[in-house]
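K.L.:
Quick one, fold the following:
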Amino acid sequence: MTIKPSIPLITERLGDARKLSGKLGPGAIVFMVVAAAAPLTVIAGTVPLGIAVGNGAAYPATYVVCTAILLLFAVGFTSMSKHVPGAGAFYTYITKGIGRHAGLGSAFLALLSYTAVQGAVYGYIGAAVNDFVTAHGGPEIPWYVYAVAIMAVVATLGYRHIDLSGKVLGVLLVCEVGIVLVIDAAVIFRGGGDTGFSTAALNPSEFFSGAPGIALIFAIAGYIGFEATAIFRDEARDPARTIPRATYTALIVIGVFYAISSWALVSAWGDKGAVAIASENPEGMITETATLYVGAVAGDLVQILLISSLFAALLAFHNVLSRYIFSLANSSALPARCGKAHVKHSSPYIASIVQTVSALVLVVASALAGLDPVTEVFAWFVGVSSVGIVALMTITSVAVLVYFRRTTVDRRPWNTIFAPALGLIGLTVLLVLTIANLPLLVGGSRTLAALIGVLLVGVFLGGIAVAVIRPQAAVLDTTEEKEIAK
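P.N.:
Here you go, the predicted structure:
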C-alpha cells in the first residue's frame, strides 16, 4: 500500500525534522502525567485546604467523584485518539469534532492555562526552597532567585530527549509517592487516631455538608495534566494501545492514591481533629502527621520531597507546553520555526526555549510586582488554570460526541454516546462550580475573578481570530487518519 508522504515526513528526510520520535510505553507516559499531578504537593497543600474550607472529613470522597467523572470523559477521549492522529490533545480533538475555529481557540486557551499553572508552581517552589533553607539556618534569599535557578535545570532537561525527562520524573515520583505511602501505612497500622478510622467519606450527608462545591474544585485541580497522555502520541511505542492504557492507568492511580492518602490523613487526627488542624495549620498538616506517626526524620524528608515533587511537576508541565507549541507551529498557528525537532535529541527544542522564556517572563513580572509567591502567585495562577482546564475538558466532551455522531469509525454506544454524555454532564457541573467559586480561588476578589474571566475568554477569541486571519492554520493532515481508518 502506497502512502503519499506528508510535509512532515519529507522535511524529516531533508534534515529539517518536524516530527518527534521515541519509544515511550504506558509506564513512562504514566510517570510523566502523574508527576505533573504532583501527588505529594496535592496531599500536602490541596487536601488540607479541601478539608478546611470544603466538606470537612468527607473530603476524600470528592476524589472518588472526580475520578468517576474523568474516567467517563476518558472513554470517549481515548476512543477518539485511536482515529485522530496528531499530538495536539485537546485542540486536535476539538478541531476534528467541532471545527478549526473552536480548535484554535481551545489551543490558545490551553497554552494560557498550562502556562499559568507552571507559573504558579514556580512561585510555590521558590517559597518552599527558601523556607527549607532558612529553617535549617541558611540565608534569606528571594523566592524568584530559586525559581530562576530551578528553571535553568528544567530548561536543560526539556531541551534534551524525552526519555531523559521520563527517567528523572520516574525517580522523583517514586520518592514522593513512597513517603506518602509510608505515612499511610503507619496510620493504618496504628488503627488511625484516638477515634479510629474515619467513616465520614462513606456518609452522603457528610459529603454534602459544608461546601462540597469548593471541595470538588480543589479535588479536580489535582488531576490537571492527565490528558497529556495524548500529547506524547508521536513519542509512544504503539499510540493506539499506549495512549488509552496510559490514560486509564494514570486516572486510576491518581484517584486511588488521593482518596486513600487523604482518608489516612483524616483518620490520623479524627474527623474533628483533622478539620481543626487543617484550618489552623494547613501547610504543616502532612509534616506533623509524618512526625507523629513515623518520626522526626520523616517530617524533614517530607519537606525535601515536597520540593522534588514541585520540580517534577514543573518538568512535566514544561514537556506538555513545549509539545503544545510544537504541534501548533506545525499546524501554521504559530511560527514554523517553533515546530522544528532537534536532530540529535528528537525534542521540540525551539518550542522548549520559547516555553522557558514565557515562564521567565511570568516570574520576573511577579517579582517586579512584589507578589507573594504563595498567596498571590500560586493562588491566582491556579485560579486561571482551573477554569481554563475544566472548560477545555467540557468542550472536548462536546467534540467527542459530535465527531462520533458525524463519522462511522466507531459504532459502540457506550464509547461514543453514553460515557461521553455522562462525562459532559459531570464536567459541566464542575465548570459551573469552578466559575461560581472563582473569587474564592483568587483571594476573595470579585474584580480579579472578573479580570481572569475576561482574560480566558479573550484568549479563546484570539485563537478564533487567528483561524480567521490564517485560513491555513490548524488544517489537519488527513493522510494518516485515512490510513488508520483502513
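
K.L.:
Please list all residues in contact with Ile224.
P.N.:
Residues in contact with Ile224, defined by C-beta atoms under 8 Å, 6 or more residues apart in numbering, are Ala36, Ala37, Val117, Ser385, Ser386, Ile389. All C-beta atoms are positioned from the backbone trio N, CA, C, and that covers glycine.

K.L.:
try Val459
P.N.:
By C-beta under 8 Å, 6+ apart, the neighbours of Val459 are Phe108, Leu109, Leu111, Leu112.

K.L.:
continuing past the host helix or strand of Leu314, what's the next helix or strand?
P.N.:
Using DSSP states H and E, the element containing Leu314 is helix 296-329. Using DSSP H and E, the next helix or strand after helix 296-329 towards the C-terminus is helix 349-368.

K.L.:
which other residues reach that following helix?
P.N.:
115, 118-119, 122-123, 126, 142, 144, 147-148, 151, 154-155, 158-159, 318, 321-323, 325-326, 329, 337-342, 373, 376-377, 381.

K.L.:
can you pull out the helices in the stretch 351-486 of the chain?
P.N.:
Here the stretch 351-486 of the chain has its helices, by DSSP state H, counting those that start in this stretch, at 379-406, 413, 419-436, 438-441, 446-469, 479-485.

K.L.:
out of the ones you listed, deepest packed?
P.N.:
Mean neighbour count (mean count of other C-beta atoms under 10 Å) peaks for helix 379-406 among the helices of the stretch 351-486 of the chain, with a mean of 23.

K.L.:
which other helices and strands contact it?
P.N.:
If you count contacts as 3 or more C-beta pairs under 8 Å, 6 or more residues apart in numbering; DSSP states H and E, helix 379-406 packs onto helix 60-81, helix 90-97, helix 100-135, helix 212-221, helix 419-436, helix 438-441, helix 446-469.

K.L.:
how near is the nearest residue in space to Gly339 that is not next to it in sequence to Arg470?
P.N.:
Ranked by C-beta to C-beta, 6 or more residues apart in numbering and with sequence neighbours excluded, the top spatial neighbour of Gly339 is Ala329, at 3.2 Å. Distance of Ala329 to Arg470, computed by C-beta to C-beta, to the nearest Å: 12 Å.

K.L.:
again with Ala102
P.N.:
15 Å.

K.L.:
which of those two has more neighbours?
P.N.:
Ala102 (21 against 14; other C-beta atoms under 10 Å).

K.L.:
How about the more buried one: what's its closest non-neighbour residue?
P.N.:
Per C-beta to C-beta, 6+ apart, closest to Ala102 is Ile94, 5.5 Å.

K.L.:
What residues does the one you found make contact with?
P.N.:
Per C-beta under 8 Å, 6+ apart, neighbours of Ile94: Ala102, Gly103, Ser106, Ile395, Thr396, Ala399.

K.L.:
which one of the residues you listed sits closest to Gly45?
P.N.:
Nearest to Gly45 among the contacts of Ile94: Thr396, at 27.1 Å, using C-beta to C-beta.

K.L.:
Check that closest one and give its pLDDT.
P.N.:
According to the prediction, Thr396 has pLDDT 93.

K.L.:
shift numbering so it begins at 7
P.N.:
Taking 7 as the first residue, the last one we looked at is Thr402.

K.L.:
Go ahead and confirm it touches Ser87.
P.N.:
No. Thr402 is not in contact with Ser87 according to C-beta atoms under 8 Å; the separation is 11.2 Å.

K.L.:
Determine the residues that are contacts of both of the two.
P.N.:
Tyr99.

K.L.:
show me what contacts Gly394?
P.N.:
Residues near Gly394 by C-beta under 8 Å, 6+ apart: Leu115, Ala116, Leu118, Ser119, Ala122, Leu462.

K.L.:
List the contacts of the fifth one.
P.N.:
Translated: Ala122. Listed by C-beta under 8 Å, 6+ apart, the contact partners of Ala122 are Phe387, Val388, Val390, Ser391, Gly394.

K.L.:
List just the nearest of those residues to Ala427.
P.N.:
Using C-beta to C-beta, those come closest to Ala427 at Gly394, 22.9 Å.

K.L.:
what about the stretch 57-206 of the chain, any weak spots by pLDDT?
P.N.:
Counting by pLDDT under 70, the stretch 57-206 of the chain contains low-confidence ranges at 91-95, 165-175.

K.L.:
Next: the stretch 357-492 of the chain.
P.N.:
480-492.

K.L.:
I'd like the distance between the residue nearest to Gly345 and Ala227.
P.N.:
29 Å.

K.L.:
Neighbour count for the two, which is higher?
P.N.:
Ala227 (24 against 21).

K.L.:
What is the burial count for Gly305?
P.N.:
Residues near Gly305, counting by other C-beta under 10 Å: 17.

K.L.:
My error: substitute Leu377 in the last question.
P.N.:
Count around Leu377 with other C-beta under 10 Å applied: 19.

K.L.:
Then Ala74?
P.N.:
15.

K.L.:
cool, the one 5 residues further on as well?
P.N.:
Phe79 sits with 26 neighbouring residues when counted by other C-beta under 10 Å.

K.L.:
residues of stretch 180-188 that come out buried?
P.N.:
Across stretch 180-188, burial judged by 16 or more other C-beta atoms under 10 Å covers Cys181, Glu182, Val183, Ile185, Val186, Val188.
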